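**Student:** Coordinates for the following, if possible.
(one chain, ligands or ions: 1)
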Amino acid sequence: MVLADLGRRINAAMSDLTRSNVVDEKALDSMLKEICMALLESDVNVKLVSTLRANIKKQINLKDQAPGVNKRRLVQKTVFDELCALVDCQSENGDAPAFKPKKGRSNVIMFVGLQGSGKTTSCTKLALWYQRRGFKVGLVCADTFRAGAFDQLKQNATKAKVPYYGSYTETDPVAVAAAGVARFKSEKFDIIIVDTSGRHRQEQELFAEMVQISQAVKPDQTIMVLDASIGQAAESQSKAFKESSDFGAIILTKMDGHAKGGGAISAVAATRTPIVFIGTGEHIHDLEPFTPTQFISKLLGMGDIRGLVDHVKHMNLDQKETMKHIEQGIFTIRDLRDQLSNIMKMGPLSKMAGMIPGMSQVMGEVGEEESSKRLKRMMYIMDSMTEKELDSDGKIFVSEPTRLTRVAKGSGTSVREVEDVLSQQRTMARMVKQVGGKKPPRPKMKRLRA
Ligand SMILES: Nc1nc2c(ncn2[C@@H]2O[C@H](COP(=O)(O)OP(=O)(O)OP(=O)(O)O)[C@@H](O)[C@H]2O)c(=O)[nH]1
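**Tutor:** From the prediction side, this is the model:
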């Protein structure tokens, strides 16, 4: 069962209890049975589920409650707290403060994880996350084993506008890592993220390499990247890495879509290492800080207002140019592109909705995938236009219709779709002309005769 369904089922079980006439042991047991089944179907470890059940039962003694106590609320709160405890992977050294990079000194973050776990993608996501918060961030590619690894990091970094370092000729990953970190340190970067290899001829060689890189770059934080879709296997994988690279934090990727998630979360809990972020999609912005209470609130459709505010605050939505244009009554194709890209930057609608209390249930019914696909194709179309076309009002396509075919071909779409984008821009331009552009009429003054 995927996480969104898990949330819905737990919610339904709690609502059933809230609706029932009496809150007695029988109603409580039936709710617990349903919650436990849902957790097991999401791959949560059997032992953890039975502990959760026992803890809830122990805390809720319905018979001995004073008459004024709201039993329904008591049950809801206990279930909520126990679910939070389930995903709360406190660090082994208990009260150790969470890693917080400091500006004005170079903080090195080293990534480890098996191939395909989403390491390179997560490195870039994290770099962007910190960059948005005002840090000067650099990325180092220390994967010299996989041909194409540097190109992938380069491509991701360029997209995110993050400086990067790597080498096409140096084959020693330790040397590249050390050189990259030294370079960024000399340029006074605040955060230096080192991406490492995820595969080797022999697994032991990979772990030995992690030890050497770690000794060379002396990371302030080591993060292990784990693919959530591997379920319970996450435990053995993280234990193996723990021995070699002693990571202090985990990023769980692919928590979107069809990953059951519960398996990985409970397996990771066994390593007593906190999950710091979760990857929720392939998009560069699909990274969310992991906080047990916020995660459970969102899972249960209770929203995550703090997350939403933080998300919007750091979006860096670039509206200035378009606003200037609108004031002048102009709306070019570039304006349309910037607006669409702002919407896409905010993340999928369902993700945003998940942060608004009660909205995820409503959004669950509509076809998110289709609308986001359409939005992406519109962006491809505009990305295939020349600067001149982007800054035009679209008439250029009427006077030179061959441009339509060129753009359609370049974007892998059809002429019809290009025309649809132009029509969208025309509609917006008409609206803008109506609301903007018109300077407020000057008050007419009667000329007074002297
Ligand atoms: N759906 C989803 N896909 C993800 C996420 N994170 C990464 N991916 C995808 O997973 C695939 C592998 O990601 P990479 O970043 O190349 O993995 P890697 O661990 O660096 O792999 P190597 O370079 O081979 O070591 C890519 O197709 C990514 O787009 C995520 O949070 N959600």
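
**Student:** Could you pull out the buried residues of stretch 174-181?
**Tutor:** Along stretch 174-181, the positions that meet the burial threshold by neighbour count (16 or more other CB atoms under 10 Å) are 174, 176, 177, 178, 179, 180, 181. Using the backbone N, CA and C atoms, a C-beta is placed for each residue, glycine as well.

**Student:** Tabulate these (JSON lines), appending distance to residue 191, pLDDT and secondary structure.
**Tutor:** Shown next, in JSON lines, are those (distance: CB to CB, whole Å; pLDDT from 0 to 100; DSSP: H, G, I helix; E, B strand; the rest coil):
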{"residue": "174", "distance to residue 191": "21", "pLDDT": "94", "secondary structure": "helix"}
{"residue": "176", "distance to residue 191": "18", "pLDDT": "94", "secondary structure": "helix"}
{"residue": "177", "distance to residue 191": "15", "pLDDT": "95", "secondary structure": "helix"}
{"residue": "178", "distance to residue 191": "17", "pLDDT": "96", "secondary structure": "helix"}
{"residue": "179", "distance to residue 191": "17", "pLDDT": "96", "secondary structure": "helix"}
{"residue": "180", "distance to residue 191": "13", "pLDDT": "96", "secondary structure": "helix"}
{"residue": "181", "distance to residue 191": "11", "pLDDT": "96", "secondary structure": "helix"}
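
**Student:** Turn these into a markdown table, columns for distance to the ligand.
**Tutor:** Shown next, in a markdown table, are the buried residues of stretch 174-181 (distance: CB to the nearest ligand atom, whole Å):
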| residue | distance to the ligand |
| --- | --- |
| 174 | 17 |
| 176 | 15 |
| 177 | 15 |
| 178 | 20 |
| 179 | 20 |
| 180 | 16 |
| 181 | 19 |
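
**Student:** List, one by one, the residues from the stretch 51-200 of the chain near the ligand.
**Tutor:** Among all residues of the stretch 51-200 of the chain, those adjacent to the ligand (criterion: CB under 6 Å from any ligand atom) are 113, 115, 116, 117, 118, 119, 120, 121, 146, 149, 198.

**Student:** ok, of these, which one's closest to residue 420?
**Tutor:** Distance from residue 420 was checked for each of these by CB to CB. The minimum falls on residue 121, at 31.2 Å.

**Student:** Could you measure from the closest one over to residue 277?
**Tutor:** Between residue 121 and residue 277 the computed distance is 12 Å (CB to CB, to the nearest Å).

**Student:** tally of neighbours for residue 184?
**Tutor:** Residue 184 is flanked by 25 other residues according to other CB atoms under 10 Å.

**Student:** With the one 10 residues further on instead?
**Tutor:** The number of residues packed near residue 194 is 30, by other CB under 10 Å.

**Student:** Could I get the contacting residues of it?
**Tutor:** Taking CB atoms under 8 Å, 6 or more residues apart in numbering as the contact definition, residue 194 lies against 108, 109, 110, 111, 140, 142, 177, 180, 181, 213, 217, 219.

**Student:** Touching, the fourth one and residue 226? I think so.
**Tutor:** No - Residue 111 sits out of contact with residue 226 when judged by CB atoms under 8 Å, with a separation of 11.4 Å.

**Student:** For stretch 109-119, the averaged confidence score.
**Tutor:** The predicted model assigns stretch 109-119 a mean pLDDT of 92.
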